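Student: need a 3D model of the following:
(4 chains, ligands or ions: 4)
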Amino acid sequence: MSRMTYAEAARTALAEAMRADPRVWCVGEDLGRGGVFGQYKGLREEFGPDRVSDAPISEAGIMGAAFGAAMVGTRPVVEMRFADFALCATDELVNQVAKARFMFGGQSRAPMVIRKPMGMWRSSAAQHSQSLESWYAHIPGLVVAVPSTPQDNYTMMHAALAADDPVVYMEHKNIWALEGDVDVGEPYDWGTARRRHAGDDLTLVCWSDTANVAERAAATLAAEGIGADVLDLRTLWPWDRDGVLDSVARTGRLLVAHESVGAGGFGGEVVATVCQHAFDALRAPPRRLAAPRSLIPYAPNLEDRLRVTEDMIVAAAREMCA
Amino acid sequence: MSRMTYAEAARTALAEAMRADPRVWCVGEDLGRGGVFGQYKGLREEFGPDRVSDAPISEAGIMGAAFGAAMVGTRPVVEMRFADFALCATDELVNQVAKARFMFGGQSRAPMVIRKPMGMWRSSAAQHSQSLESWYAHIPGLVVAVPSTPQDNYTMMHAALAADDPVVYMEHKNIWALEGDVDVGEPYDWGTARRRHAGDDLTLVCWSDTANVAERAAATLAAEGIGADVLDLRTLWPWDRDGVLDSVARTGRLLVAHESVGAGGFGGEVVATVCQHAFDALRAPPRRLAAPRSLIPYAPNLEDRLRVTEDMIVAAAREMCA
Amino acid sequence: MSRPNYDRDRGLALLTMMERIRAFERTAEQAAVRDQLVLGAIHLSIGQEAVAAGLVGALRRDDLMVSTHRGHGHTLAKGADPAAMMKELLGRQGGCCGGKGGSMHIADFGVGMLGANGVVSANITIGAGAAHGVKLLGDDRIVVDIFGDGAINRGPFLEGLNWAAVFGLPVLFVCEDNEWSATTRTADMTAGDGAGARARAIGLPVEVVDGNDAEAVADVARSLVARVRDSRAPAFLHARTFRQGGHTYFDPASYRSADDTAARIASDDPIDRQRAALGAAGVADADLDRLRSDAEAEMAAALEAAKAAPFPDADQTFTDVQDIGAPEAAA
Amino acid sequence: MSRPNYDRDRGLALLTMMERIRAFERTAEQAAVRDQLVLGAIHLSIGQEAVAAGLVGALRRDDLMVSTHRGHGHTLAKGADPAAMMKELLGRQGGCCGGKGGSMHIADFGVGMLGANGVVSANITIGAGAAHGVKLLGDDRIVVDIFGDGAINRGPFLEGLNWAAVFGLPVLFVCEDNEWSATTRTADMTAGDGAGARARAIGLPVEVVDGNDAEAVADVARSLVARVRDSRAPAFLHARTFRQGGHTYFDPASYRSADDTAARIASDDPIDRQRAALGAAGVADADLDRLRSDAEAEMAAALEAAKAAPFPDADQTFTDVQDIGAPEAAA
Ligand SMILES: Cc1ncc(C[n+]2csc(CCOP(=O)(O)OP(=O)(O)O)c2C)c(N)n1
Ligand SMILES: Cc1ncc(C[n+]2csc(CCOP(=O)(O)OP(=O)(O)O)c2C)c(N)n1
Ligand SMILES: [Mg+2]
Ligand SMILES: [Mg+2]
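Tutor: Ligands and ions are numbered 1, 2, ... in the order given. Just a heads-up that it's a prediction; the model follows:
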């Protein structure tokens, strides 16, 4: 068990994988300096410039080139810097990386870890704050990881690096410095949620940094006698359908909370799936808490209007259990 | 009342709007020759090359340039040829067009009609068949139109051209030649569904070409005594929440059908919204029919495995009403 | 037309390959138009065969290639089996992509052909990346990265060339310039001095070649391939050719003068030119004719094999999507 | 440094604008570092002021501009009110974007400044498009489209320049080359002869200028702006300058030699150079100093005004999203 930040956890896993497998390499802007959030600090020194490669400001080039390099048998880690900039490489990710194996009839693979730091980060405004994880969950061929703790950022980074599929790996920018204990031996199965808090009154589904908010809300609720079963999905594809259905079968109530826009967001998938498959178990209408369908403003008080807070979760849970 | 194809209907509306407003112009590859599906046939001859402009193969350039031209007061119609290629202009659409008005504090507008022909079209395979309407519904700042009939392609094209917002306008490639009556005076309000078939037993929500499939299914169901209330949403944002909720309040059953991938698709939004807001009205678990989360293959028999068919809708409706 | 020290064997090999490409495409066109068996669009490279033949003759079998929607010729030249390709066009079992890709996604990784692409220009960065992979793996293969004249107006052209030059990658970029971008004359939508000038500005060495002269393409390819292999740095070839037919097999090309096209074909068909070169070098007409009839017979057989092949097992819709979280058939 | 027929008034105007830009940014930096009032990242153009000042002096007020994340100087030079800009940086009511955009999205459509951009290179096509709009509207404005040296490696550089040249659009592209792309030396990631060579290959006329010489920038801008306005065709300016500070205000730039930076600043600061030019032309030091203190006072007042301004009304989160289907506050 060691104590690490969220950023260190992923960096540690990456360094371990790079030591073990010479095919793993990283590419992105400013990686030589350790990456814009320090996620690659020290790796250039250990692995050299070929394996921790700077890149031109050229997101389409980065994604396309990494894909080509993946098809010939290397295992690239692609750094997109901010999830927002990854939109400059959408054709490459969605039309090429995600589709190649299928459309070439299984001749090729694209084992890539595509890092897209996501989420609101104080006053970064509309082009540096987006959470588009729901988009990638909708794209066949992609795995979508949204870790929320140092432990998961360690374990899941290892799993992503070991995977032969392209993994869209979205770390939340707000928690790079979050510290936690990391058990390097903890097993991991894709598509399993982590129970962040156990309870029998309501199932609270969440992911990414919202899982941290939800865990705090669950503590408050517990003090009031409301037991929240907090399931941090950790991945949106595959996602822990069975885990969620089991929990709802027990609690009879479903609340989904996520930072990204509610309309057309993956929360709808969770609610719809539960309603389709555990309809009779539901004792109250399910609810979602998510961002309104607006853009992310700069001024802090405006930005706050888009956040899903602990208070909002507590209030919704109270109402549902009333 | 005149008889038109789906393609002619939009072309007629566009020509009328161009006659009435000199600020409207069109830009895209091969428009001078009438567009790849003939949607612009004859317009070059009438309006000249500046207003029906060819473009380099340069989707990012087309979208970015049209956006700049919109900000100074013109009203571009942007042709993306296949919705798939629009992914080459994702930054331009999502980070620029959709956000400009908000992030510049209301100083600018982007009145643009962004045409993205969508959908499966026999054996066009993974890169020429996608339906990503759900993505755009998730992006604040965008209006999303998915017309399914000549009437709607006429009326909604006019509405889109009159709008001061960017409208992602997705015509279905499979129905360019679909004929129908068009009443040029038919009124239209954004965010209202069209009732394609009336019934009291089940609400069937659909859009784009699936609405045509659903209407046929409803006729079959009616013959068996099952009344399907078929609501063709026509737009995903805004969408006719109230219309759907009213219908479900009456029928107690909800089936959503769409061609695009089910996982993370807008069908989830519809089901989730209904379950949240009309929970007590539901007499059966809601259901979705949509594509499995796989890629679109070339071989016809493989492709067919992804389609939502009339039979599937009929069978699901029967089960739900049993 | 006759050259000093003319290499007859190479000349015959070039003609053979060109005849095979043309026969493949004429056969595919028949399968599409006459037999209605090709359901998706196909883009024929008739008139452009010298580029594929000349280029690929200079490559090793383990060298790599990426190509475009108009990639039948490249793929065949790289060594793919025409029957497997024809099955792919018909969407059948045994197609080189299992019937899942079709013409626009034709690929045969076994011969180093890493895929055609349905998105114009997208393969440019992908090919650079394949070369990046080769560099990291440390072997001496090279990549040939082929695209059309229309592709030079999209961003990946800039990003891919810059990438290859910055990282010193063994990739030969080839702009196969057939003058047309679908139904638009590329020159009308392209500013400046075109592909070569742009590549030069990004620091690449550039050669321009008459792409309808198979021997000339073979010569320049040999030298550029050697240069790329030795220098481990990119180079650029601008091959000028002409698309004899429409953009797709169902495009009548009514936007250009049929007379002009006919005149171009009559005077500058790469196969006619190569036959003339071989004739001048003393090869008998009958031998040349036999090359053609052999090619036609080979491709007719490929089509028969394709027709006889069954459609893929329908569950293939759900295979090779992904390992983790693979889809299930619809509920 | 003294020039024949030296235009003292223009020289003073250039210095005044440079002093104002620098004072604005130093004040903004203080507001960020000392007062912790600027919550988002700000990118300072200290050392690059001559480009903004020289360029914009050649424009009409109704001409248009698009810029980058490092756009304070351009915006101020175009005529924006520094108090409204400072309010924007502090996210306050009365900010030029109502506090919704912040530094990276600063814009003032009233003075033709159509926006900074948080996405590198994205403004290149947008500026070309604004010029396309101007062409369609038929008036005689021009657009100046400014971007950094790092931006020339993204696709929109190619697509935007080709667009402008193909359609004959009145846009002056300006590459403000400060040698750095965030923490990476741009030269290490850029192949070939750089911005100008690439632009030339796309058919644009290109000028290169010492971007730390305000007079030289003003001269070349005058001629290029006239050329663009008259010819209704694009042109390209490569302005060489130097980013004196870090990439953002919190970047210590430890990846480069502090000594080298100090030496560059000492020998090649555009404001020092302009002061020297004016001194050589006979302007008294006291007059020059007063320009500086006036600028500092102006910007201190702007900061005070910004501090005094309230935050926006919280419902602004839901305004100016869209007319059709506008969002409501969270349920
Ligand atoms: C990004 C993108 N835009 C548009 C298209 C549609 N399209 C297919 S081929 C083609 C013309 C391509 O011209 P060129 O690159 O010269 O290749 P050629 O067809 O002449 O071989 C176009 C516009 C596409 N496939 N991808
Ligand atoms: C598409 C994109 N990629 C990366 C970034 C992150 N980023 C912001 S500024 C910058 C450096 C830009 O360099 P340059 O264009 O030279 O402008 P400068 O900062 O030097 O003014 C980078 C990489 C971004 N904003 N957008
Ligand atoms: Mg071409
Ligand atoms: Mg720079």
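
Student: mind checking how far A:E45 is from D:S254?
Tutor: 15 Å (C-beta to C-beta, to the nearest Å). For glycine as for every other residue, the C-beta is placed from the backbone atoms N, C-alpha and C.

Student: list of residues touching the host helix or strand of C:A277?
Tutor: Per DSSP states H and E: C:A277 is located in helix C:270-280. With contacts defined as C-beta atoms under 8 Å, 6 or more residues apart in numbering or on different chains, helix C:270-280 is touched by C:1-3, C:6, C:8, C:11-12, C:14-15, C:18-19, C:22, C:47-50, C:211-215, C:241, C:285, C:288.

Student: can you say which of those residues are buried?
Tutor: C:11-12, C:14-15, C:18-19, C:22, C:47-50, C:211-215, C:241, C:288 (16 or more other C-beta atoms under 10 Å in any protein chain shown).

Student: ok, which stretches of the stretch 1-150 of chain C are helices?
Tutor: C:8-33, C:49-56, C:72-78, C:82-90, C:122-137 (DSSP state H, counting those that start in this stretch).

Student: dump the residue contacts of the residue of the stretch 101-250 of chain C found nearest ligand 4.
Tutor: Here the stretch 101-250 of chain C gets closest to ligand 4 at one residue, C:N162, 15.6 Å apart by C-beta to the ion. Taking C-beta under 8 Å, 6+ apart, we find C:N162 in contact with A:P56, A:S58, A:G61, C:I202, D:N153, D:T190, D:A191, D:G192.

Student: repeat the analysis, applying 6 Å as the threshold.
Tutor: Applying C-beta atoms under 6 Å, 6 or more residues apart in numbering or on different chains, one finds that C:N162 lies in contact with A:P56, C:I202, D:N153, D:A191.

Student: burial check on the closest residue to the third one other than its chain neighbours, number of neighbours?
Tutor: The shortest distance from D:N153 to any non-neighbouring residue, by C-beta to C-beta, 6 or more residues apart in numbering or on different chains, is to A:P56 (3.8 Å). The number of residues packed around A:P56, counting by other C-beta atoms under 10 Å in any protein chain shown, is 25.

Student: so is A:P56 in a helix, a strand, or just coil?
Tutor: coil (DSSP: H, G, I helix; E, B strand; the rest coil).

Student: give the contact list for it.
Tutor: Per C-beta under 6 Å, 6+ apart, neighbours of A:P56: C:N162, D:N153, D:M189.

Student: make a markdown table out of these and add secondary structure and pLDDT.
Tutor: Formatted as a markdown table, these follow (DSSP: H, G, I helix; E, B strand; the rest coil; pLDDT from 0 to 100):
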| residue | secondary structure | pLDDT |
| --- | --- | --- |
| C:N162 | helix | 98 |
| D:N153 | helix | 98 |
| D:M189 | helix | 98 |
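
Student: which of those residues lies closest to ligand 2?
Tutor: Within these, proximity to ligand 2 (C-beta to the nearest ligand atom) peaks at D:N153, which comes in at 8.7 Å.

Student: I'd guessed that closest one sits against A:A60; true?
Tutor: No: counting by C-beta atoms under 6 Å, D:N153 stays clear of A:A60, with 10.3 Å between them.

Student: near ligand 1, which residues of the stretch 101-250 of chain C?
Tutor: C:118-120, C:148-151, C:178, C:180-182, C:186, C:243 (C-beta under 6 Å from any ligand atom).

Student: near ligand 3, which of those residues show up?
Tutor: C:G148, C:D149, C:G150, C:N178, C:W180 (C-beta under 5 Å from the ion).

Student: check which helix or strand covers the closest residue in space to the fourth one that isn't next to it in sequence.
Tutor: Right, the one you point to is C:N178. Among residues not flanking C:N178 along the chain, C:R243 sits closest, at 3.8 Å (C-beta to C-beta, 6+ apart). Under DSSP H and E, no helix or strand contains C:R243.

Student: once you drop chain neighbours, what's closest to A:A198?
Tutor: A:D229 (6.0 Å).

Student: quick one, helices of the stretch 151-300 of chain A?
Tutor: So, for the stretch 151-300 of chain A - with DSSP H, counting those that start in this stretch - the helices run A:209-223, A:241-251, A:266-277, A:300-304.

Student: quick check: the most centrally placed residue in chain A vs C:M65, distance?
Tutor: Geometric centre of chain A, nearest residue: A:V146, 1.2 Å, by C-alpha atoms, centre = their mean. Computed as C-beta to C-beta, the A:V146 to C:M65 distance reads 37 Å.

Student: cool, and A:H172?
Tutor: 41 Å.

Student: one step back: could you dump the residues of the stretch 101-250 of chain C next to ligand 1 to a markdown table with pLDDT and neighbour count?
Tutor: Listed next are those as a markdown table, based on pLDDT from 0 to 100; neighbours: other C-beta atoms under 10 Å in any protein chain shown:
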| residue | pLDDT | neighbour count |
| --- | --- | --- |
| C:G118 | 97 | 29 |
| C:V119 | 98 | 25 |
| C:V120 | 98 | 26 |
| C:G148 | 98 | 25 |
| C:D149 | 98 | 26 |
| C:G150 | 98 | 25 |
| C:A151 | 98 | 25 |
| C:N178 | 98 | 23 |
| C:W180 | 98 | 20 |
| C:S181 | 97 | 25 |
| C:A182 | 97 | 20 |
| C:T186 | 98 | 22 |
| C:R243 | 98 | 24 |
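
Student: quick one: the residue nearest to the centre of chain A and A:C206 touch, right?
Tutor: No: counting by C-beta under 6 Å, A:V146 stays clear of A:C206, with 9.8 Å between them.

Student: residue contacts, A:G252?
Tutor: A:G252 sits in contact with A:A281, A:R283, where contact means C-beta under 6 Å, 6+ apart.

Student: one more time with 7 Å, if that's ok
Tutor: Contacts for A:G252 (C-beta atoms under 7 Å, 6 or more residues apart in numbering or on different chains) come out as A:A281, A:L282, A:R283.

Student: tell me, how many residues neighbour the residue nearest to A:D54 when sequence neighbours are not counted?
Tutor: Sequence neighbours aside, A:G32 is the residue nearest to A:D54 in space, at 4.6 Å (criterion: C-beta to C-beta, 6+ apart). Look at A:G32: counted by other C-beta under 10 Å, it has 20 neighbours.

Student: state the distance from A:G32 to A:E16.
Tutor: 21 Å.

Student: which stretches of chain C have low pLDDT?
Tutor: Filtered on pLDDT under 70, chain C yields the residue ranges C:1-4, C:329-331.

Student: can you tell me how far the most centrally placed residue in it is from C:E176?
Tutor: Nearest residue to the geometric centre of chain C (C-alpha atoms, centre = their mean): C:H74, 2.9 Å. Here the distance between C:H74 and C:E176 works out to 9 Å (C-beta to C-beta).

Student: list residues touching both of those two?
Tutor: C:I146.

Student: okay, A:M1: pLDDT?
Tutor: As summarised for this prediction, A:M1 has a pLDDT of 86.

Student: ok, it - contacts?
Tutor: Counting by C-beta under 7 Å, 6+ apart, A:M1 has contacts A:D181, A:V182, A:D183.

Student: give me the number of residues near the second one?
Tutor: Going back to what we said before, that points to A:V182. Neighbours of A:V182 using other C-beta under 10 Å come to 24.

Student: spit out the contact partners of it.
Tutor: A:M1, A:S2, A:M4, A:A9, A:P150, A:Q151, A:Y154.

Student: right, and the third one touches A:T149 too?
Tutor: In this case it means A:M4. No: in this structure, A:M4 is not within contact of A:T149 by C-beta atoms under 7 Å, at 10.1 Å.

Student: give me the common contacts of these two.
Tutor: If you check A:M4 and A:T149 against C-beta under 7 Å, 6+ apart, the residues they both contact are A:G180.

Student: more neighbours: which of those two?
Tutor: A:T149 (25 against 21).

Student: how close does that one get to A:A137?
Tutor: A:T149 is 20 Å from A:A137, by C-beta to C-beta.

Student: repeat for A:C321
Tutor: On the measure of C-beta to C-beta, A:C321 and A:A137 end up 29 Å apart.
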